[in-house]
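Asker: Predicted coordinates and the sequence they were generated for:
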Amino acid sequence: MPTPTILIVTANDAEGSLSRLSDEAKEIQRILNSVPEKAYEIILLPSAKIVDIIEVFKVPNRIIEVFHYAGHADGATLQLKDDDASARDLAAKIQSAGTVKFVFLNGCATMGQVNYFHTAGVPLVLATSRKVGDERAYWLATQFYAYLLSKQSVQKAWKEVRTDANLLHKNIPFEISRHVYTRKEEANTSDLAWRLYQLEDREQTDYNLPFLSNNKITTSLSHTIFLEKLIFALDDLDNPALQQIQKLGVDIKRAIYVSDNKKISALLEVLPYPIGIRLRKIIAKPEQRSNDYYRELLYDYAFFFETLLYQTFALLSAKIWQDKEKAFVQLPDKMKTLQNFLRQNRLSETPDTYVDSIHVLTDWLRLYNPNAIPFTDDFLNYLYTDSFQEATRFFFLQKRYFQERIRLEEENALHYCALSQQYINASFPEFTFLLNYVMASVRGIKVKNFRHLPTDYAPIENIVSNLFVSDAEPSSLPGQEMMENKFVLSFYKSKPSIGLHSLNLFPFIIDRNVFTGKPNDEVDLYLLIGIFATPAKTEAFHFVSIENPGEVWRFDPTEQQVSLLHTHEETTLIHEQNHLMADAWEFKNYLAEYQSQFLQRLQS
């Protein structure tokens, strides 16, 4: 039986004035490809010409069920790459196909076209009553398809989008209009220009995306098997630090009762700290399981998965940053890949964007120190498998659900939780090399970072404290290389000690509390999510809290005083003044060294 098709058609003007048009099409495609049980195909026609649409409809036995248009339009035409297409003629083509159930006309003032498509037998048409802005059109379309993918019908999805528009106050300015003949700015209004039009006498008609049938319905949430599979993944690792948890795995396989709490405790003792925090959040039992709970839980699963990739990238980067004098003698191909990666917002990118950068860093290490690569080629090959790519698409969807506050019905949320566990259990064995490294936060000495200075800089007394140790003890090591003050280090040993070889994870993983004047036993780790522009158009370093991944902190090197408040927090000036970074100049100098010694050399 032919597979139903979703046809996405876009066309910009010659000036390319609709900057979000391409993003809209790609994002819809990415959303619709995010679940494994989809039973439809997607055809994307960017910069579409009239003949392109005709050719798609000519294919024998093709069942086009959804037609989405994005671009300039008016009440009678849709602007395509070569010419304006008559809505009447397009509707006639759709009528001859006889399969289209839903049409989305995401251009300006397309309400006048609705009757053509109703006459052609299309029961559901989403159209606009006036000119609409490019940014708002992008948000509304991607939000709508996110709900549609959550197995809600067109009518229910549209109801949810209308609710979101009101709750989130999506009064995005109409900077660029999607009207055929005018690009003038227009004042915003509080009501939506979009409306779902239903064919008269068929108000009860609705449409759902086709999915493969799933006979296994998830009715409750359990982490027992999930935890056991994480433990079993450590069975064959030759690491003395894992002996206790490996014995626990043997007991479980022998059907000896082991509580989930004991499994969690054992895992937290061996997992890298950022990954352990995510596991702790996943397992935490809420007072009530609200819609917010499931959305946040699914984000925790996604963050766990992505942190595996992030930790890998951070280790490789730290090794090259440490060996920069050797590393920059010969550079690998595709250095632009690293530059782009570091200047993207990781929170808005799909997890598979790590893959090429990890590959470039691995090739770089191969040029001067192949023994420093912590994994085999099997790991790299895994990153290009269909199963891994499927997992990245799925977890990107969960990131989007969290960021856009998509409401999920409980049955579907439980299904996604079960899929999250399956994807993590399948991928975790490939990342177990990360457990060979332990982390420490260094603090308490008033000296500059040794590795950022010339190699003849005199060693000085130093202090190191494990993340789980509250008090650090000083130790003088004449003639030894000191450890970096106020940094998170990674050791290839289960019990790090002063003077032991380590990797500096700055600026990818930082302990923000060492710059706040808080007590030495409080650890507050943040991950660098990108170096990109602030609303004021200055380039800033953006970090996300590992403990609360919904909180983003921005460090702008151009500011004299740096607030510790997160980007979404609103407060009075007096309150903000009481939450300033204690040693902003020191942090700024470290970042400046990283930029001059690493980032700028990447560009050159």
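Answerer: Now that the structure is in, tell me what you want to look at. Numbering: from 1, shown residues only.
Asker: What's the local residue count around residue 441?
Answerer: For residue 441, the count of nearby residues is 26 (other CB atoms under 10 Å). For glycine as for every other residue, the C-beta is placed from the backbone atoms N, C-alpha and C.
Asker: you'd agree residue 44 is in a strand?
Answerer: Yes. Applying DSSP: H, G, I helix; E, B strand; the rest coil, one finds residue 44 inside a strand.
Asker: can you start the count at 4 instead of 1 from here on
Answerer: Right, with 4 as the first residue, what we last looked at is residue 47.
Asker: Roughly how far does the closest residue to it other than its chain neighbours sit from residue 148?
Answerer: Once flanking residues are discounted, residue 47 sits nearest to residue 11: 4.9 Å by CB to CB, 6 or more residues apart in numbering. Counting by CB to CB, to the nearest Å, the gap from residue 11 to residue 148 is 10 Å.
Asker: Identify the contacts common to the two.
Answerer: residue 31 (CB atoms under 8 Å, 6 or more residues apart in numbering).
Asker: about what we covered before: name the residues of the one helix or strand the residue nearest to residue 47 maps to that come out as buried.
Answerer: Taking DSSP states H and E as the criterion, the element that holds residue 11 is strand 7-14. Neighbour-count burial for strand 7-14, counted by 16 or more other CB atoms under 10 Å, picks out 7, 8, 9, 10, 11, 12, 13, 14.
Asker: Now do stretch 507-514, average pLDDT.
Answerer: Stretch 507-514 comes out with an average pLDDT of 90.
Asker: Now name the helix or strand holding residue 67.
Answerer: Counting by DSSP H and E, residue 67 is found in strand 66-74.
Asker: what angle separates that strand from strand 7-14?
Answerer: 20 degrees (axes from the mean of the first three to the mean of the last three CA atoms, to 10 degrees).
Asker: can you list contacts of the helix or strand that strand 66-74 is followed by?
Answerer: Counting by DSSP H and E, the element after strand 66-74 in chain order, helix or strand, is strand 80-82. Here strand 80-82 makes contact (CB under 8 Å, 6+ apart) with 12, 14, 16, 72, 74-76, 87-90, 93, 108, 110, 113, 116, 183.
Asker: Over to stretch 204-212?
Answerer: 9, 35, 41, 43, 68-69, 104-105, 126-127, 151-152, 154-159, 201-202.
Asker: re the thing from before, can you dump the C-alpha atoms of the strand holding residue 11 in PDB for me?
Answerer: Provided in PDB are the C-alpha atoms of strand 7-14 (Å, rounded to 0.1, in the frame of the first residue of the first chain):
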ATOM      1  CA  PRO A   7       0.900   8.800   2.700                       C
ATOM      2  CA  THR A   8       2.900  11.900   1.800                       C
ATOM      3  CA  ILE A   9       3.300  15.300   3.400                       C
ATOM      4  CA  LEU A  10       4.200  17.900   0.800                       C
ATOM      5  CA  ILE A  11       6.000  21.000   2.000                       C
ATOM      6  CA  VAL A  12       6.400  23.800  -0.600                       C
ATOM      7  CA  THR A  13       8.300  27.000  -0.100                       C
ATOM      8  CA  ALA A  14       9.400  29.900  -2.300                       C
END
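Asker: Could you list every helix and strand that the following helix or strand past it packs against?
Answerer: Downstream of strand 7-14, the first helix or strand assigned by DSSP H and E is helix 24-35. Contacts defined by 3 or more CB pairs under 8 Å, 6 or more residues apart in numbering; DSSP states H and E place helix 24-35 against strand 7-14, strand 44-48, strand 66-74, helix 137-152, helix 389-406.
Asker: To residue 309, which of those lies closest?
Answerer: Across the helices and strands packed on helix 24-35, residue 309 has its closest neighbour in helix 389-406 (6.7 Å, CB to CB).
Asker: Could you check that closest one and say which residues are buried?
Answerer: So helix 389-406, judged by 16+ other CB under 10 Å, has buried residues 391-405.
Asker: And residue 510, how far from residue 26?
Answerer: Residue 510 is 28 Å from residue 26, by CB to CB.
Asker: what do you get for residue 538?
Answerer: 19 Å.
Asker: Have a look at these two and say which one is more surrounded.
Answerer: Shown here are residue 538 and residue 26; by other CB under 10 Å, residue 26 has more neighbours (14 against 8).
Asker: got the contact list for that one?
Answerer: Contacts of residue 26 (CB under 8 Å, 6+ apart): residue 141.
Asker: Apply 6 Å and report the result again.
Answerer: With contact set as CB atoms under 6 Å, 6 or more residues apart in numbering, residue 26 has no partners.
Asker: how much space is there between it and residue 34?
Answerer: Taken as CB to CB, the span from residue 26 to residue 34 is 12 Å.
Asker: ok, and the closest non-adjacent residue to the residue nearest in space to the middle of the chain?
Answerer: Taking CA atoms, centre = their mean as the criterion, residue 350 is the residue nearest the geometric centre of the chain, at 4.0 Å. Distance criterion CB to CB, 6+ apart; nearest residue to residue 350, sequence neighbours excluded, is residue 532 at 5.6 Å.
Asker: next one: residue 296
Answerer: Using CB to CB, 6+ apart, the nearest residue to residue 296 is residue 289, at 4.9 Å.
Asker: Then that neighbour would be within a helix, right?
Answerer: No. Read with three-state DSSP, residue 289 is coil and lies in no helix.
Asker: That one: how many residues sit nearby?
Answerer: Neighbours of residue 289 (other CB under 10 Å): 11.
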